[in-house]
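> Using only what follows, build the 3D model:
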Amino acid sequence: MSDIQTLRTVLAECPTIAVVGLSPQWHRPSFFAAKYMQSHGYHIVPVNPVVARETGEILGERCFASVTEAAAALAAQGRKIDMVDCFRKSEDIPPLADEAIAIGTKCLWLQLGIFNETAAQKARHAGLTVIEDRCVKIEHARLFGGLNWAGVNTRVISAKRPHVLPY
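Next up, the predicted model:
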C-alpha cells in the first residue's frame, strides 16, 4: 500500500531506520538517502556486512552485519528498529523480510525498482506495512515540503527557504 496517508503515517511513526545495503560512498543513492533522513531527525542504523567487518561505521553510526544483529544491539539500549529500508536486489529481499518480521519492525520499505511479491505478502501477513518501488528520501521530501529547493510546488508560499521543515 503506497497511498499518501500510509506514506505519511509510516514516515511519522518510524524514527529509527535500518538501511540495508547502505554504502559508505557519498555518491551512492543509499548514502544520499540515509544522509538526508539523518539530517531530518531520523536515527539511521547502517546494515552492510562488508563495512561492519572493515571500518565499522557509516554516517557516524555503528554498522552491523545484519538486521538481526542491529536489532539486538539497539534492544540492549532500550530502542528498536521501526523500519527496514532495503537497497538490495529484488531476489535478496525474502531473507530481509524474514528478519524484519522476526525483529517486530513496523515497516518493510523496498527502494525504487525493488519488488518481491512473495516477501511482501509474507510481511503484510505478519502485520508489517510494506512499501515497494519508492524512495524514502523522495517520499519524505515530497510529503513534508523538502522538495521546494528543486522548484516543486509544496503549497508553501515563501521567499525564504525554511531552516526546519514544517511538520
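> Any idea how far apart the tips of stretch 77-88 sit?
Start to finish, the residues bounding stretch 77-88 are 27 Å apart (Cα to Cα, to the nearest Å).
> Could you give me the buried positions within it?
I81, D82, M83, V84, D85, C86, F87, R88 (16 or more other Cβ atoms under 10 Å). All C-beta spots, glycine's among them, are computed from the backbone N, C-alpha and C.
> would TSV of these with pLDDT, distance to G56 and secondary structure be doable?
Formatted as TSV, the buried residues of stretch 77-88 follow (pLDDT from 0 to 100; distance: Cβ to Cβ, whole Å; DSSP: H, G, I helix; E, B strand; the rest coil):
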residue	pLDDT	distance to G56	secondary structure
I81	98	18	coil
D82	98	23	coil
M83	98	22	strand
V84	98	20	strand
D85	98	20	strand
C86	97	21	strand
F87	97	19	coil
R88	96	20	coil
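> and the residue nearest the centre of the chain, what is it in contact with?
With distances taken as Cα atoms, centre = their mean, D85 lies nearest the centre of the chain, 3.7 Å away. Applying Cβ atoms under 8 Å, 6 or more residues apart in numbering, one finds that D85 lies in contact with I17, A18, V19, V20, A33, W109, Q111, V136.
> can you pull up the bridge partners for it?
V19, W109 (DSSP bridges).
> how far away is it from L22?
9 Å (Cβ to Cβ, to the nearest Å).
> Then G145?
Note on G145: its distance to L22, by Cβ to Cβ, is 25 Å.
> So for these two, which residue has more residues nearby?
L22 (25 against 16; other Cβ atoms under 10 Å).
> Let's verify the more buried one: helix, strand, or coil?
coil (DSSP: H, G, I helix; E, B strand; the rest coil).
> What sits closest to it if chain neighbours are left out?
P46 (4.3 Å; Cβ to Cβ, 6 or more residues apart in numbering).
> did I read that right, that neighbour in a strand?
Yes. According to three-state DSSP, P46 belongs to a strand.
> Identify the bridge partners of it.
V19.
> Tell me how many other residues crowd it.
By other Cβ under 10 Å, neighbour count at P46 equals 27.
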